[in-house]
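Undergrad: This is a predicted model, with the sequence first.
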Amino acid sequence: MIPLLKKSLFLTCIAIIMLAIANNAVGQNKQQATPTIVEVKFVNSSLLPKKITFITYQPSQQGNGTTGALILPKGNKKFQLEVGTKVFLANKAQVDVVMSGASLVNQKDKPFCTVGKEPKQSFILP
């Protein structure tokens, strides 16, 4: 009876250790897959308000994010974006391209900026 109990206890301990190792490996994979998010601020340094359409392409997501904003004089618009995100300040033609289902990344257009690794970034709007 005692050798059977020892064997059972031994196998239970081995199973617990293997589950702990597997759980730790899964946790590490989740940490590596989480993208780094930073704060990005776009500043209107003009004395006039600006209506801007921001189109963003984040590396970990398919498709785009489109945000229209009216930025008051000396005002700003803040975003929480993933490192590597391409940001376009879109004109009407570019908005039409995006609304048709195409991507600006594949076009000849260059992004206004690409988000870097700094925790807080600021860009002055043209």
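TA: Yep, that arrived.

Undergrad: any low-confidence regions in the protein?
TA: Scanning the chain for pLDDT under 70 picks out 1-11, 13, 15, 24-33.

Undergrad: one more time with 80, if that's ok
TA: Scanning the chain for pLDDT under 80 picks out the ranges 1-33.

Undergrad: how is it carved up into domains?
TA: 1-34, 37-124 (automatic domain parsing).

Undergrad: Would you format the ones you listed as TSV with mean neighbour count included?
TA: For the C-beta atoms, the positions are set from N, CA and C on the backbone; glycine is no exception. Compiled in TSV, the domains of the chain are given as follows (neighbours: other Cβ atoms under 10 Å):
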stretch	mean neighbour count
domain 1-34	9
domain 37-124	14
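
Undergrad: quick one: the strands in the protein?
TA: Secondary structure of the chain (DSSP state E): strands at 37-43, 50-57, 65-71, 76-82, 86-90, 113-114, 120-124.

Undergrad: Relative to the second one, what are the paired strands and their orientations?
TA: The sheet places strand 50-57 alongside strand 65-71 (antiparallel), strand 86-90 (antiparallel), with pairing taken from DSSP bridges.

Undergrad: Which of those sits closest to E118?
TA: strand 86-90 (14.5 Å; Cβ to Cβ).

Undergrad: what's the angle between the closest one and strand 37-43?
TA: Counting by axes from the mean of the first three to the mean of the last three Cα atoms, to 10 degrees, strand 86-90 points 30 degrees away from the direction of strand 37-43.
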